[in-house]
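[1] Structure here, sequence nowhere to be found:
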């Protein structure tokens, strides 16, 4: 009796004790392996769009990587909150009258995050690294503006001392360009031209970008980085000016709904990337105090393959461009307030007046199509519209197909959606009839859009070429007078979007971000959508 | 028995070899390159990249290079996440998925067996119908519908739990529940079906005739036999649940391994894809073996062969 009672009591204890034990093991397991670190609380949290591919400024090409790199590194120049170019690691520079030689003076207080002095040699050696083909930097062409830059970058020249960059002493960097480049000071603010700490690159190899190993020179230093979890950066005490926000946490959340939920429940302070905002919510968010949209230097356009019938006929290309009711696309599908585009270069380039381009004119479109031999769309060959099957791509393509049927009676346009990487490949091979494309400007100058379409240019991808266009680009590059240069660029764009129409612009992108103005200052809309985190401050809070 | 286990583990090696080979060759022969971007990359850079990643030369050459590394335990570099190796990514993300998955797995087993048992006892009564309706919903409502509803309800409206993220214990609750629901539902249905079969058997009638309480009949006699199909199901299920879920981990912003299964293929990252496939197949083989061992332990009629 007694024993059975105690055994029953023992048995009644077994369950709770084992549950408690299991729970304890579980929690211990979580903390050991689940990556639950007790990191210091951040002063500001940013949803940055996705996990960065790398944080090596010479390697990265994406905007989201660029944002973090530019918080960690700084080039000769940098940008203020408005997006204007201001001195960075160089405190001043002198441009020769012919616009070919730039002499930068590195600021004496410039330091690496470990306290070491930063010199002109660091720039010289970092640029060598970026250009060196073994580094395999996709963006190394940004240094092709330097004399012999391209030859060294493509491996044809082995002697770097022949490249147009010299450091006569530790404070001076002399850069020689092949032709006057109005936007060169914008390029020097870009991550590709930022210096890296070569001693640590040598020491740690590909691991040099990891926390505890990375030595940087920008407003922030890398503190913690967990893949797909978070990145923590902290103000760099050796940066040449004070940084208002001390500690920033970066979330790589790539699901727009999760990002918005985090923002809505106040778990993040800023959604910086427009891809992190659910597109279906945009029309409802547009009048909210925390919604901010700004014009942004990127254009969506259609590429015609001018080597294939019927797009070898300029009348057909014009007809399709004129029949496109772009308002319909931006109001029904993209819905973020995108301006309709009749030309390629987005509004906002200082001193540049774009040509009129072809606006919606269905009567003229029908007339041109009939003249080309397809009255009412009759006899129009079977063609395929290539697009990337992500984002709003499929809807935009469907709408275009419907618009051409409605306005021109063309029923033989088939949709050809492809997965992103396959789409890029097809586009690169110019294996399409017509294709929905986009281009994001690298710097605030019409040239970043117009030089794409030189004959056989790597990003032309239409099969189109025009000797006059190529000559005009060359002439524009050698003219130091900005106004005259802009006039030439205007005439070039006119050829592109009015006369020969190898492309049909659709709309200009807008940048979108979410933040409460009372919680973030120093974030101003700018054309390049370039916001330096060192400029951010929390209103009413002393650094 | 030990000999059999060892033999099964040895047999796994050629299976894994074939799986990894097929994955690598498939990803490499799919159209699109891991290096393609919107902007044209100079051919010299592409050539250098291909050289650095051992992706130059014929596909057979690339395959040989890769398998050589795999044989030494090196799953290669990730092309998408530069400066990171596949080993490193798996080491960092797999434990996160396993933590989440093991909680979901425990929840699924506990609630699945309990609800299934309750439904079986109340066979054809209201309770049974209600539980089976829930189970049907649990199986048929996809997690990309279920998870946002749960977030809306428990995080946005009721403010009980965080909407997303990883790093504190409360952030695991919602994703674990969402992850466990389809498994709970499947286990509940299996338990109910299996218990109903067993409860008709002679030995249960004998047990009842001996005057044992219904609970003893159910838990000590019937469930012991009825559990067998659940063991069969939960082996492969464990492999699936522990290696993460792309939907749940993406929706809740959890830094697990789940999204890599799909994204690495979309990025044409051959090493990463082969790496995660290797992890999943190993889990699958291992948990199937565990299920078989468990079968053997629970049911002496089963011979390990």
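    Received, thanks. All of these numbers come straight from a predicted model, not from anything done at the bench.
[2] got the contact list for stretch B:258-268?
    Stretch B:258-268 is contacted from outside by A:228, A:419-421, B:27, B:30, B:32-34, B:36, B:78-80, B:89, B:93, B:97, B:243-250, B:272-273, B:275-277, B:280, using Cβ atoms under 8 Å, 6 or more residues apart in numbering or on different chains. C-beta coordinates here come from the backbone N, C-alpha and C atoms, glycine included.
[3] so who does the nearest residue to residue B:299 once chain neighbours are set aside touch?
    Excluding its sequence neighbours, the residue lying closest to residue B:299 (Cβ to Cβ, 6 or more residues apart in numbering or on different chains) is residue B:228, at 5.9 Å. Counting by Cβ under 8 Å, 6+ apart, residue B:228 makes contact with B:194, B:295, B:298-299.
[4] at 7 Å instead, please
    Applying Cβ atoms under 7 Å, 6 or more residues apart in numbering or on different chains, we find residue B:228 in contact with B:295, B:298-299.
[5] Check those for burial and list the buried ones.
    Buried residues within the contacts of residue B:228, counting neighbours by 16 or more other Cβ atoms under 10 Å in any protein chain shown: residue B:295.
[6] where does chain B dip in pLDDT?
    B:302-305 (pLDDT under 70).
[7] okay, now the domains of it?
    B:2-71, B:90-298 (automatic domain parsing).
[8] Likewise for chain A?
    Taken from automatic domain parsing, chain A resolves into A:16-288+A:512-535, A:297-511.
[9] Number of residues surrounding the nearest residue to residue A:345 once chain neighbours are set aside?
    In space, residue A:345 comes closest to residue A:446 once its chain neighbours are excluded; the distance is 4.4 Å by Cβ to Cβ, 6+ apart. Look at residue A:446: counted by other Cβ atoms under 10 Å in any protein chain shown, it has 26 neighbours.
[10] cool, and the one 5 residues further on?
    Residue A:451 is flanked by 18 other residues according to other Cβ under 10 Å.
[11] residue nearest the centroid of the chain?
    No chain in the question, so chain A it is. The structure's chain A has its C-alpha centroid closest to residue A:63; by Cα atoms, centre = their mean the separation is 3.4 Å.
[12] wrong one, I was asking about chain B
    residue B:240 (1.2 Å).
[13] and the gap between that one and chain A?
    Residue B:240 is 19 Å from chain A, where distance means Cβ to the nearest Cβ, to the nearest Å.
[14] ok, that residue to residue B:166 distance?
    20 Å (Cβ to Cβ, to the nearest Å).
[15] Longest strand in chain A, please.
    strand A:291-304 (DSSP state E).
[16] Name the next helix or strand downstream of it, please.
    Where DSSP states H and E defines the elements, the next helix or strand beyond strand A:291-304 is helix A:314-322.
[17] Please name every helix or strand in contact with that following helix.
    The contact analysis (3 or more Cβ pairs under 7 Å, 6 or more residues apart in numbering or on different chains; DSSP states H and E) places helix A:314-322 against helix A:362-371.
[18] Contacts for the helix it packs on next, please.
    Against helix A:362-371 from outside (Cβ under 7 Å, 6+ apart): A:315-316, A:318-319, A:322-323, A:377, A:407-408.
[19] Pull out the buried members of those.
    A:315-316, A:318-319, A:322-323, A:377, A:407-408.
[20] Could I get these in CSV, plus columns for distance to residue A:93 and pLDDT?
    CSV is the format used below for these (distance: Cβ to Cβ, whole Å; pLDDT from 0 to 100):
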residue, distance to residue A:93, pLDDT
A:315, 50, 95
A:316, 50, 96
A:318, 46, 96
A:319, 50, 96
A:322, 47, 96
A:323, 50, 95
A:377, 58, 91
A:407, 53, 94
A:408, 54, 94
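[21] of those, closest to residue B:185?
    Of all the buried ones among the contacts of helix A:362-371, residue B:185 sits closest to residue A:407, with 51.2 Å by Cβ to Cβ.
[22] wouldn't the closest one be in contact with residue A:321 here?
    No - in this structure, residue A:407 is not within contact of residue A:321 by Cβ atoms under 7 Å, at 11.3 Å.
[23] Checking residue A:416 next. Helix, strand or coil?
    strand (DSSP: H, G, I helix; E, B strand; the rest coil).
[24] Quick check: beta-bridge partners of the residue lying closest to it once chain neighbours are set aside?
    Leaving aside its chain neighbours, residue A:416 sits nearest to residue A:384 (4.2 Å; criterion: Cβ to Cβ, 6+ apart). Applying DSSP bridges to residue A:384 gives these bridge partners: residue A:414.
[25] Now do the same contact list for residue A:384.
    A:414, A:416, A:432-433 are the contacts of residue A:384 under Cβ under 7 Å, 6+ apart.
[26] Point out the residues in the stretch 101-250 of chain B that sit beside chain A.
    Residues of the stretch 101-250 of chain B lying close to chain A (Cβ under 7 Å from any Cβ of the partner chain) are B:148, B:151, B:155-156, B:162-168, B:250.
[27] hmm, which of the residues you listed are the buried ones?
    B:148, B:151, B:155, B:162-167, B:250.
[28] related to what we said a few turns ago, the longest strand of chain A and chain B in contact?
    No - for strand A:291-304, no contact with chain B is found by Cβ under 7 Å from any Cβ; the gap never falls below 10.9 Å.
[29] Can you tell me which helices and strands that strand packs against?
    If you count contacts as 3+ Cβ pairs under 7 Å, 6+ apart, strand A:291-304 packs onto strand A:434-440, strand A:503-514.
[30] I'd like to know how far the residue nearest to residue A:345 sits from chain B.
    Taking Cβ to the nearest Cβ, one finds residue A:446 at 17 Å from chain B.
[31] That residue and residue A:489 touch, don't they?
    Yes - with contact defined as Cβ under 7 Å, residue A:446 reaches residue A:489; the gap is 4.6 Å.
[32] Now the common contact residues for these two.
    residue A:352.
[33] For the stretch 51-200 of chain B, which segments count as strands?
    For the stretch 51-200 of chain B, strands defined by DSSP state E, counting those that start in this stretch do not occur.
[34] that older thread, ok, so of the buried ones among the contacts of helix A:362-371, who is nearest residue A:145?
    Once Cβ to Cβ is applied, the member of these that ends up nearest residue A:145 is residue A:318, at 35.0 Å.
[35] about what we covered before: now do the same contact list for the residue nearest to the centre of chain A.
    By Cβ under 7 Å, 6+ apart, residue A:63 has no neighbours at all.
[36] Please apply the same query to residue A:257.
    A:278, B:148, B:251.
[37] Among those, name the ones in helices.
    Here DSSP state H is the test, and the contacts of residue A:257 give B:148, B:251 as lying in helices.
[38] May I see the contacts of residue A:257 arranged in JSON lines, with distance to residue B:207 as well?
    Putting those into JSON lines (distance: Cβ to Cβ, whole Å) gives the following:
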{"residue": "A:278", "distance to residue B:207": "57"}
{"residue": "B:148", "distance to residue B:207": "47"}
{"residue": "B:251", "distance to residue B:207": "47"}
